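Engineer: Curious how this folds, go ahead:
(one chain, ligands or ions: 1)
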Amino acid sequence: MFFRILEMHSVDKKKNPSARATCLNCMDGRVQLPVLNWIHEQYGIDCVDIITEAGMDGVLALQDNIDEIIRSIKISIDINKSERIFIVGHYDCRGNSVDEKAHREHIIKSAKRLRTHWPKIEVIGLWVDDQWRPDICYKSLKLELKTEG
Ligand SMILES: [Zn+2]
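Structural biologist: Numbering: from 1, shown residues only. This next block holds a predicted model:
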């Protein structure tokens, strides 16, 4: 019974093989495959558009001009039909060398900033730890029905 449920669960995840996502990640080579594998395992998504910067979470949270990143996300969503945005911050990031607490704050701030551009797209923030394990630190509702504050 246990195995049957697992099997049904995995089939359910893969029922939309054309599903697509957008991943805003650091350019660090250590963090790419752990995140892509995690997205595949958790969401059954094989096709992920990857946009990178050195310390992406810091760039999205702190930099005024993010036009070039917005341009790439637009192509991913409007043309490639991505339905989800992932924002990643990670352990030992040389492009945004802050502690874990600050990374998590940057990830949340980044996610909320992108929600203002795409309020109907699900935005998921991931913290990747020293074992290269992604952990959800922010998840928007697919459609926000209540306002904050
Ligand atoms: Zn990094």
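Engineer: what's the neighbour count on the closest residue to A19 other than its chain neighbours?
Structural biologist: Nearest non-adjacent residue to A19, counting by Cβ to Cβ, 6 or more residues apart in numbering: I45, 4.9 Å away. Every residue, glycine included, has its C-beta placed from N, CA and C. I45 has 23 neighbours, counted by other Cβ atoms under 10 Å.
Engineer: and I45, that's in a strand?
Structural biologist: No - the assignment for I45 by DSSP: H, G, I helix; E, B strand; the rest coil gives coil, which leaves it out of any strand.
Engineer: ok, now how distant is it from the ion?
Structural biologist: 22 Å (Cβ to the ion, to the nearest Å).
Engineer: List the contacts of that residue.
Structural biologist: Applying Cβ atoms under 8 Å, 6 or more residues apart in numbering, we find I45 in contact with 19-21, 39, 84.
Engineer: likewise T22?
Structural biologist: With Cβ under 8 Å, 6+ apart, T22 has these contacts: 48-49, 51, 73, 76-77, 82, 84-86.
Engineer: tell me which element it is part of?
Structural biologist: Taking DSSP states H and E as the definition, T22 sits inside strand 20-26.
Engineer: what residue ranges in the protein score low on pLDDT?
Structural biologist: Within the chain, the ranges that satisfy pLDDT under 70 run 1-17, 142-149.
Engineer: which residues sit in contact with I75?
Structural biologist: I75 touches D49, counting by Cβ under 8 Å, 6+ apart.
Engineer: Near the ion, which residues of this structure are found?
Structural biologist: Counting by Cβ under 5 Å from the ion, the residues of the chain close to the ion are 26, 28, 93, 95.
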